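# next one to model:
(chains A and B)
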Amino acid sequence: MSDTPSNLRAASMPEPGIEYVHVEKVDMTFQTKRGPFAALREIDLSVQKGEFIALIGHSGCGKTTLLNLVAGLIEPTSGVLLCAGREIAGPGPERAVVFQNHSLLPWLSCFDNVYLAVERVFAATEKKADLKRRTHEALAMVGLGHAEHKMPHEVSGGMKQRVGIARALAMQPKVLLLDEPFGALDALTRARLQDELTRIVQAAGSTVLMVTHDVDEAVLLADRIVMMTNGPAATIGDIVAVDLPRPRDRVALAKDPRYHALRSVVLEFLYRRQHAPEEQAA
Amino acid sequence: MSVTSIAAYADPRTVPPAPDRVADAIPPAANGPIDAAADDVEMREAAQRADAFLRAELQRERVRAALMVIVPPALGIAAFIGLWSLLSMMSPQLPSPSKTWTSAVAVFSDPFYRKGPNDQGIGWNILNSLQRVGIGFGLAALVGIPLGFILGRSRFLNSMAAPIISLLRPVSPLAWLPIGLLVFKAANPAAIWVIFISSIWPMVINTAVGVQRVPQDYLNVARVLNLSEWRVVTRILFPAVLPYMLTGVRLSIGVAWLVIVAAEMLTGGVGIGFWVWDEWNNLNVEHIIIAIFVVGVVGLLLEQLLLLLARRFNYA
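Down below sits the predicted model:
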């Protein structure tokens, strides 16, 4: 933390609140054909309820691995992961994931893709009409009410990603896990979806963990930015608190010195303290 | 506006995307104090000429493309028939195309006659063969597809079955016939058995491969959504495997149709294979050639039908 300006460091202490996701001393080693590969080492992270966390780092630094651990898709080699005080022992509907490549099922319409998730979470307690209403609402929330009966291959990449987000939100998850959700989109679509995401997350009060490699996105969206060191055996290098007031306006922020200060802290970390992996490999 | 510049526009290599807009696309006349009205008329006429030329050129292009679709196959068929005529002239036992055609017209003019158990119309023969293929192939699908799913899901069972499948798959279909005759003690079930055992493998193998290749993304979706096993099978596994399965079905039905002729030659009864054998005994070579074409055409139709079905389930 020594490089972090003191005013930012003071703010990086998490505010007292309800801890929701707790990651303690987590190591992740994959068994590969060329022997064990240590992906993550000694990860400690505490996420408050309603907090928006951005995970940033060079590619291959294990951001997605950490997200998959919280999602319960993989189990840590050692260490503990808790969600709402309970050990994470597998995927669960309280932790919804938006995948990097949207992962819609191509044989189901946009509506049916979302309905599949809604049905799983609410079918035990609600009638079919309510399930359909929830699905309609989720799609309307991401602005896709008009396209709900289209097949995934009939809609654009940005729309597919929005269906993925709708699917995750429709489950009313406690934690939303986003794996570079806007990575494959053009800048304008990305900006619009970022604004939509902020609005939706604020309205729902969701706790969010978002993997990104986009510094601007991290500063714009997050309450705290978790910066990861390069792999192998990546760990959390530093955490920056983003104390910009909400709602944040991307145009106004462009002139805000605090925004630029935060941005340069992250850039400093990524390009001075952690070299790009290509340089390291050479 | 000079003639050469219009010619340049009319050159098909520089055809603008919308030829009916050529009049707008023509650049203004070269600078110089020429009579504006006369120039205007001349230009309009030139543009119209260019336009007409382009339309005609486009039309010719379309005709050329259509001819390319028709002409080469037609030439191939003509060469085939020519070669056949030549061969039939050199060897008098082989009937000429025209003789075969006359015979075919006679055969197809009454396809559904019955004159005793061994003398029935071509229609009955085809239908009987299709029925055998249908039953044998249907049973193979009923067993092979679920088996493929199980082998695809369980690595243990897959390894268990692998040596047996690799051993039995290359066995010539007719080698199974004596076993069928021994077990069923009748010709017809034995023929169906041969169809079953030789057409089951592509469906087992393709379905198993399809199950193994279900993208991890989809399985992750299933895990994140915490879907029930039934939902995983109906909403994710089955649709994801369907294209592979249909490829297996298509290969299987091809094999089944290949095998039926040989099986019926040996087992007898009514059927296209038996008909070939019967006509060989009668030394009616025209009918044998007709049967060869019929087998080819039916096989082609079955294949096209399944390709059509497969396209229906192709998720782009």
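# please enumerate the helices of the stretch 1-150 of chain B.
Using DSSP state H, counting those that start in this stretch, the helices of the stretch 1-150 of chain B run over residues B:3-10, B:22-25, B:36-90, B:97-109, B:122-153.
# repeat for the stretch 151-282 of chain A
Under DSSP H, counting those that start in this stretch, the stretch 151-282 of chain A gives helices at A:157-170, A:187-204, A:215-221, A:250-253, A:257-268, A:277-281.
# only C-alpha atoms, please: export the fourth one in PDB.
Included here for helix A:250-253 are C-alpha records, laid out as PDB according to Å, rounded to 0.1, in the frame of the first residue of the first chain:
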ATOM      1  CA  ARG A 250     -19.200   9.900 -17.100                       C
ATOM      2  CA  VAL A 251     -19.000  13.300 -18.900                       C
ATOM      3  CA  ALA A 252     -18.700  15.300 -15.700                       C
ATOM      4  CA  LEU A 253     -16.200  12.800 -14.300                       C
END
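# OK, contacts around the closest residue to residue B:221 other than its chain neighbours?
Leaving aside its sequence neighbours, residue B:221 sits nearest to residue A:103 (C-beta to C-beta, 6 or more residues apart in numbering or on different chains; 5.2 Å). C-betas here are computed from N, CA, C, even on glycine. Neighbouring residues of residue A:103 by C-beta atoms under 8 Å, 6 or more residues apart in numbering or on different chains: A:164, B:217, B:218, B:220, B:221.
# now those as CSV including distance to residue B:99 and pLDDT?
As requested, the contacts of residue A:103 are arranged in CSV below (distance: C-beta to C-beta, whole Å; pLDDT from 0 to 100):
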residue, distance to residue B:99, pLDDT
A:164, 67, 90
B:217, 61, 85
B:218, 59, 89
B:220, 66, 87
B:221, 64, 88
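# out of the helices of the stretch 1-150 of chain B, which is the most enclosed?
Scoring the helices of the stretch 1-150 of chain B by mean neighbour count under mean count of other C-beta atoms under 10 Å in any protein chain shown gives helix B:122-153 as the most buried, with a mean of 20.
# return the set of buried residues in the helix or strand just after that one.
Using DSSP states H and E, the helix or strand that follows helix B:122-153 in sequence is helix B:155-168. The neighbour-count criterion (16 or more other C-beta atoms under 10 Å in any protein chain shown) identifies B:158, B:161, B:165 as the buried residues of helix B:155-168.
# okay, the angle between helix B:155-168 and helix B:122-153?
140 degrees (axes from the mean of the first three to the mean of the last three C-alpha atoms, to 10 degrees).
# and stretch A:94-106, how far out from the chain middle?
Centroid separation for stretch A:94-106 versus its chain: 12 Å, with C-alpha atoms, centre = their mean, to the nearest Å.
# do stretch B:46-55 as well
For stretch B:46-55, the distance to the chain centre is 43 Å (C-alpha atoms, centre = their mean).
# do stretch A:91-98 as well
Worked out by C-alpha atoms, centre = their mean, stretch A:91-98 lies 12 Å from the chain centre.
# next, count neighbours for the closest residue to chain B within the stretch 151-282 of chain A.
Closest contact between the stretch 151-282 of chain A and chain B, by C-beta to the nearest C-beta, is at residue A:153 (4.7 Å). If you count neighbours by other C-beta atoms under 10 Å in any protein chain shown, residue A:153 ends up with 10.
# so where do the strands sit in chain A?
A:19-32, A:35-48, A:52-56, A:78-83, A:86-87, A:95-98, A:175-179, A:207-212, A:224-228, A:236-241 (DSSP state E).
# so for chain A, the centremost residue is which one?
Centroid check for chain A by C-alpha atoms, centre = their mean gives residue A:210 as the closest residue, at 1.7 Å.
# ok, now how distant is that residue from residue B:298?
To residue B:298, residue A:210 is 59 Å away according to C-beta to C-beta, to the nearest Å.
# kindly state the beta-bridge partners for the closest residue to residue A:47 other than its chain neighbours.
Leaving out its chain neighbours, the residue that sits closest to residue A:47 by C-beta to C-beta, 6+ apart is residue A:21, at 4.0 Å. Counting by DSSP bridges, residue A:21 forms beta bridges with residue A:47, residue A:83.
# would CSV of the buried residues of helix B:155-168 with distance to residue B:98 and pLDDT be doable?
Output for these, formatted as CSV (distance: C-beta to C-beta, whole Å; pLDDT from 0 to 100):
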residue, distance to residue B:98, pLDDT
B:158, 56, 92
B:161, 54, 93
B:165, 49, 92
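# with distance to residue B:136 as new columns, can those residues be given to me in CSV?
Shown next, in CSV, are these (distance: C-beta to C-beta, whole Å):
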residue, distance to residue B:136
B:158, 25
B:161, 21
B:165, 19
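# residue contacts, residue B:281?
With C-beta under 8 Å, 6+ apart, residue B:281 has no contacts at all.
# tell me the predicted confidence for it.
Residue B:281 carries a pLDDT score of 89 in this model.
# distance of it relative to residue B:177?
For residue B:281, the distance to residue B:177 - C-beta to C-beta - is 20 Å.
# swap in residue A:153?
Taking C-beta to C-beta, one finds residue A:153 at 47 Å from residue B:177.
# ok, now residue B:169?
Counting by C-beta to C-beta, the gap from residue B:169 to residue B:177 is 17 Å.
# who has more neighbours out of these two?
Remark: of residue B:169 and residue B:177, residue B:177 carries more neighbours, 21 against 13, as counted by other C-beta under 10 Å.
# would you agree that one is in contact with residue B:187?
No - Residue B:177 is beyond contact range of residue B:187, at 9.4 Å (criterion: C-beta atoms under 8 Å).
# overlap of the contact sets of the two?
Joint contacts of residue B:177 and residue B:187 (C-beta under 8 Å, 6+ apart) are residue B:267.
# returning to what we had before: was I right about the residue nearest to residue A:47 contacting residue A:209?
Yes - look at residue A:21 against residue A:209 with C-beta under 8 Å: they come within range, at 7.1 Å.
# residues bridging contact with these two, i.e. touching both?
By C-beta under 8 Å, 6+ apart, the residues touching both residue A:21 and residue A:209 are A:47, A:70, A:175.
# buried only: go through the residues you listed for me.
A:47, A:70, A:175.
# export the residues you listed as TSV, with columns for pLDDT.
Output for those, formatted as TSV (pLDDT from 0 to 100):
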residue	pLDDT
A:47	92
A:70	93
A:175	91
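# pick the one among the residues you listed closest to residue A:255.
Closest approach between these and residue A:255, by C-beta to C-beta: residue A:47, at 30.7 Å.
# for that closest one, what are its contacts?
Contacts of residue A:47 by C-beta under 8 Å, 6+ apart are A:19, A:20, A:21, A:22, A:53, A:175, A:207, A:209.
# the fifth one reaches residue A:227, doesn't it?
No - using C-beta under 8 Å, residue A:53 and residue A:227 do not qualify as a contacting pair, with a distance of 11.2 Å.
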